[in-house]
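K.L.:
Just a sequence and a predicted model for now, questions to come.
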Amino acid sequence: MMLKHLRAATLVSAVLLAALTAYAWFQRDALRDTVREAVSIGAPFRLASSRGGHVDSGDLAGQPYAIFFGFTNCPEVCPTTLYEMSNVLEKLGDAARDFRVFFVTVDPERDTVEKMKAYIASFDPRMEALVPTADQLPGLASAFRVYYAKVPTSDGGYTMDHTATVFLMGADGRFASTISYGEAPEMREAKLRKLLGQ
């Protein structure tokens, strides 16, 4: 009799565990979708390009892209990030043939279009530098949840502190994911393949 009750209790526990597991998975997916809807990252933009003319986000409809904020005098984060993105683009090859990576300066006071053109030329040709005006930058940075600040240096000059994140935007123009500074190469590749529908 006791064995029968024990088996029944075990069966009930197993059923409850399965139900709780299914509910947890459902809640996780619902929460992920809710967070994505609640977190608004990105906004329309029209910025001067290192290739001449302007890049208008409205012309990017149907095309996923990546966008990263930094500056040409950046000692480590920016060149490292652009180098790592160049490597993954090369690895993706034709799968990312039309994919664009935008490097937006947070230091328009020093980073002219000409300077940005010379700087970005050291990286993958699918990368394009964009220069906002001093008036455009605050709103654009805020829309992409990007922090930046001018930091005085001992020589009387300044450097810039800024968010070290690559933002991945989907073909629908909505925020899709991020690539963190120093993220493992296989993770960068996996995220880009997912964004490109690979």
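P.N.:
Structure received.

K.L.:
for this protein, what are the low-confidence residue spans?
P.N.:
Residue ranges of the chain with pLDDT under 70: 1-39, 198.

K.L.:
A strand includes residue 186, no?
P.N.:
No: counting by DSSP: H, G, I helix; E, B strand; the rest coil, residue 186 is not found in a strand; it is helix.

K.L.:
Now do the phi/psi pair for residue 54.
P.N.:
The phi and psi values for residue 54, taken as degrees, to the nearest 10, are phi -130, psi 160.

K.L.:
again but with residue 82, I slipped
P.N.:
phi -70, psi -40.

K.L.:
Excluding residues flanking it in the chain, which one is nearest it?
P.N.:
residue 123 (4.7 Å; CB to CB, 6 or more residues apart in numbering). The C-beta positions use only the backbone N, C-alpha and C, and glycine is treated the same way.

K.L.:
can you check residue 149 too?
P.N.:
residue 161 (4.8 Å).

K.L.:
Make sure the one you found is actually in contact with residue 148.
P.N.:
Yes: when contacts are counted by CB atoms under 8 Å, residue 161 is listed as touching residue 148 (6.8 Å).

K.L.:
Compare the two and say which is more crowded by neighbours.
P.N.:
Taking other CB atoms under 10 Å, residue 161 and residue 148 do not tie; residue 148 has more neighbours (17 against 12).

K.L.:
then stretch 157-166 to PDB, C-alphas only?
P.N.:
This file holds the C-alpha atoms of stretch 157-166, laid out as PDB (Å, rounded to 0.1, in the frame of the first residue of the first chain):
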ATOM      1  CA  GLY A 157      43.900  68.100 -24.400                       C
ATOM      2  CA  TYR A 158      41.100  65.600 -24.000                       C
ATOM      3  CA  THR A 159      40.000  62.100 -24.800                       C
ATOM      4  CA  MET A 160      36.600  60.500 -25.000                       C
ATOM      5  CA  ASP A 161      34.900  58.000 -22.700                       C
ATOM      6  CA  HIS A 162      32.200  56.100 -24.500                       C
ATOM      7  CA  THR A 163      30.000  52.900 -24.700                       C
ATOM      8  CA  ALA A 164      32.000  50.000 -26.200                       C
ATOM      9  CA  THR A 165      29.200  48.100 -27.800                       C
ATOM     10  CA  VAL A 166      28.300  47.200 -31.400                       C
END
